[in-house]
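J.: Have a look at this prediction, sequence included:
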Amino acid sequence: MPSHERESWSSRPAFLLAAIGSAVGFGNIWRFPALAYKSGGGAFFIPYLLALLLVGGPLLLLEIALGQHMQMGDVGVFGSINPRLRGVGLSAVMCGFLVTGYYVPLLAWVLRSLVESFGIMKDGWENVSGEDAEDYFFNDIVGMETLGDDLKPSRMVWTNVAYLLASWVCIGGCVAFGVKWTGRIAYFTMGFPIVLLFLLFGRSITLEGAEEGIHAYIGEWDMSVLTEQPDVWSTAVSQIFFSLGTTFGVMTAFGSHCPEHSPATENSIIIALSNSFFSFIAGFAVFGSLGYLKYYEGADDMADVVTAGPALMFGAYPAVLSTLPGGLHWVRLLFFNLFLLGIDSAFAMTEAVLTVIKDSNIGSTVSDKMVVFTTVGFGCLMGIMYTTDAGLIFLDTVDFYINFIMILIGFCKAFSAGWMYGLQDQKHKFGESVVQVFMFTTFGSVISSCIIWFGVEGDTTIFGFVIFFLMYSVGIKVISVKLRAHDLNPKHTLYDLYMGNVLDLTANLESSVGKIPKAWPFLLKHFIPQVLLALFINLAFAKNGQGQTQFAHYEGYLEW
């Protein structure tokens, strides 16, 4: 535990707003609605809500509860379970900082768009088309007009370097004075976007053609994608992870500043539901606007106007708003809203790094301001590659592979808490060989079945389940024989082997974080690690349009 007195949030609402602000970001607006549209419409909410309830929510509770109980960041928390697990916490924090490395350049593009809406683009946003808005963003803001066919960077966009520096200065100012001030800042940086969201929502759903757009968003339920496109399930989990920030060490850091006996379960529920509610409402605002754009431009189909990512945020959406009375002001409100949403998430991921550094022996001997200055400076250097004319190409590629890392880190966190906690006690009770066979039985059967399901061509569903149940049954039989050899009653001992350590963890946490749902320990040990492992293998075997695995063949950038 850190030797210095730990700073606490100024209030519970400040913590909740900061945590919700961390979770709610660009992805809630530019990624989630388009994912729902492309993944079966309303049918996408089935894997999304299951991922939230059974995976994302419990992992969010794990991070907040561990941080609050241990009063440490991710590295210290997992190191307290086992010193060899410090790397799990470190990998989570570094994953978050990698995301910050490209998230802040994106924030810089938003800031530049906002500033130029008062300057050189003051007249350019009037009744602009979606195509022209996209061209302005890609060519003028990002600077991609000088890219060659090989997509290799050819120059620095120095204006973007300046806006990158300005964005990091804003982030540094948000975190330099401790979490009390961070929480107070969150009242505005999260509170104001909520007001703007409902303002944009109310305006969008009243536009001509909005009904058709909303129908495309949630009115159509294509259930076939849930079986014919199995990577939809991995995508849903990745969206939950990315949005909640459960694999970035953020919630552990935020939880570590909560006072003892704060209701961790209640806080987790509020944060998770608020994040999903924001995404859901943002979808109505986005697709209501896209329905209007289809009507306004006379497009034949919704597919002609639906976009995702930067093309939506800087193209279609501003184009819609520019056609309204006072259009320029609506565009400015959009960019200002995006900047506030982005800076919340950016300073939260930065706070995760700061917490880990301050908890370390070296960090405790250096002033907090110096830690902030060094971290911000290093983050700014990380973002330089995204200020080239190929910055968006780099961002897209890194963002794709981060999804693999997030799911793997989520598995490692659940495995650490569900299986490694109390490991020595279990070895002492049941014998080392019993514990090892139990682990091999559980995860060996999952890995073997997934390789058959996702790696072998043809309908292998039944065969995969046969292999799973066969391996698992044989493994449990071997364990029962070993327990009898040690004069232990398998009937009673197996329950202790299955649940003993994770029930001890739950009881330990409840002493300082309040009641934890009864299903949580079971999910943490016997559902979440196995599901995340299966989803990682599923994602690893996913194919691109050329029949190659997407891993290592994403968009052909490997050919550089």
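T.: Yep, that arrived.

J.: For residue 514, which residues are in contact?
T.: The contact partners of residue 514, taken as C-beta atoms under 8 Å, 6 or more residues apart in numbering, are 261, 262, 263, 264, 265, 266. No exception for glycine: its C-beta is placed from N, CA and C like everyone else's.

J.: Okay, and which of those residues map to strands?
T.: Residues of those located in strands (DSSP state E): none.

J.: List of residues touching stretch 14-24?
T.: For stretch 14-24, the external contacting residues (C-beta under 8 Å, 6+ apart) are 9, 179-180, 182-184, 186-187, 189-191, 193, 243-245, 250-251, 254, 257-258, 262, 267, 270-272, 274-275, 278-279, 341, 344-345, 348-349.

J.: Drop anything exposed from those residues.
T.: With neighbours counted using 16 or more other C-beta atoms under 10 Å, those contain these buried positions: 9, 179, 182-184, 186-187, 189-190, 193, 243-245, 250-251, 254, 257-258, 262, 267, 271-272, 274-275, 278-279, 341, 344-345, 348-349.

J.: picking up where we left off before, please pick the buried ones from the contacts of residue 514.
T.: 262, 264, 265.

J.: Per-residue pLDDT of the last one, please?
T.: Confidence at residue 265, expressed as pLDDT, is 96.

J.: Pull the contacting residues for it.
T.: With contacts taken as C-beta under 8 Å, 6+ apart, residue 265 has the following neighbours: 61, 65, 513, 514, 515, 516, 517.

J.: tell me the SS of the fifth one?
T.: Three-state assignment for residue 515 (DSSP: H, G, I helix; E, B strand; the rest coil): coil.

J.: The first one now?
T.: The three-state label given to residue 61 by three-state DSSP is helix.

J.: Let me see the contact set for the residue of the chain most remote from its centre.
T.: Most distant from the centre of the chain: residue 487, at 47.3 Å, with distances by C-alpha atoms, centre = their mean. Under the criterion of C-beta under 8 Å, 6+ apart, residue 487 has no neighbours.

J.: Roughly how far does it sit from residue 431?
T.: Summarising the geometry, the distance separating residue 487 from residue 431, computed by C-beta to C-beta, to the nearest Å, is 11 Å.

J.: all helices of the stretch 201-350 of the chain, in order?
T.: Counting by DSSP state H, counting those that start in this stretch, one finds helices in the stretch 201-350 of the chain at the ranges 210-214, 225-228, 231-244, 250-255, 264-297, 310-311, 317-322, 327-359.

J.: That should have said the stretch 401-550 of the chain, apologies.
T.: With DSSP H, counting those that start in this stretch as the criterion, the stretch 401-550 of the chain has helices at 423-430, 432-455, 461-485, 490-513, 520-526, 528-541.

J.: any chance of those helices in CSV, plus distance to residue 114?
T.: What follows is the helices of the stretch 401-550 of the chain, written out as CSV (distance: least, C-beta to C-beta, whole Å):
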stretch, distance to residue 114
helix 423-430, 52
helix 432-455, 44
helix 461-485, 51
helix 490-513, 40
helix 520-526, 42
helix 528-541, 35
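
J.: Of all the ones you listed, which one is nearest residue 51?
T.: Put simply, out of the helices of the stretch 401-550 of the chain the one that sits nearest residue 51 is helix 528-541, at 8.9 Å, with distance taken as C-beta to C-beta.

J.: Any idea how many residues pack against the residue nearest to residue 302 when sequence neighbours are not counted?
T.: Spatially, and ignoring its direct neighbours in sequence, residue 302 is nearest to residue 216 (4.5 Å; C-beta to C-beta, 6 or more residues apart in numbering). The local packing of residue 216 (other C-beta atoms under 10 Å) involves 22 other residues.

J.: Same check on residue 369?
T.: Under the criterion other C-beta under 10 Å, the count of neighbours that residue 369 has is 11.

J.: Surely it is in a helix?
T.: Yes: the assignment for residue 369 (three-state DSSP) places it in a helix.

J.: these two touch, right, it and residue 173?
T.: No: taking contact to mean C-beta atoms under 8 Å, the distance of 11.3 Å between residue 369 and residue 173 leaves them out of contact.

J.: Residue 338 and residue 229, how far apart?
T.: For residue 338, the distance to residue 229 equals 30 Å [C-beta to C-beta].

J.: If you count surrounding residues, which of these two has more?
T.: Counted by other C-beta under 10 Å, residue 338 and residue 229 do not tie: residue 338 has more neighbours, with 26 against 15.

J.: how far away is that one from residue 282?
T.: 11 Å.

J.: Overlap of the contact sets of those two?
T.: With C-beta under 8 Å, 6+ apart applied, the overlap between the contact sets of residue 338 and residue 282 consists of residue 29.

J.: Centre-most residue in this protein?
T.: When C-alpha atoms, centre = their mean is applied to the chain, the residue found nearest the centroid is residue 242 (1.0 Å).

J.: residue contacts, that residue?
T.: Residues in contact with residue 242 (C-beta under 8 Å, 6+ apart) are 27, 31, 402, 403, 406.

J.: please redo it, this time with the cut-off set to 6 Å
T.: residue 27 (C-beta atoms under 6 Å, 6 or more residues apart in numbering).

J.: Kindly report the same for residue 525.
T.: Residue 525 makes contact with 418, 502 under the criterion C-beta under 6 Å, 6+ apart.

J.: Tell me the spacing between it and residue 438.
T.: For residue 525, the distance to residue 438 - C-beta to C-beta - is 11 Å.

J.: And residue 67, by the same measure?
T.: When C-beta to C-beta is the yardstick, residue 67 and residue 438 sit 29 Å from each other.

J.: Might you list the low-confidence residue ranges for this protein?
T.: Applying pLDDT under 70 to the chain flags the ranges 1-4, 488-492, 545, 553, 555-560.

J.: let's go with 50 and repeat that
T.: 1-3, 556-560 (pLDDT under 50).

J.: Okay, residue 433 and residue 493: tell me how far apart.
T.: Computed as C-beta to C-beta, the residue 433 to residue 493 distance reads 14 Å.

J.: residues contacting residue 289?
T.: Residue 289 makes contact with 204, 317, 320 under the criterion C-beta under 6 Å, 6+ apart.

J.: Revised request: answer the last question for residue 90.
T.: Residues touching residue 90, when contacts are defined by C-beta under 6 Å, 6+ apart, comprise residue 75.
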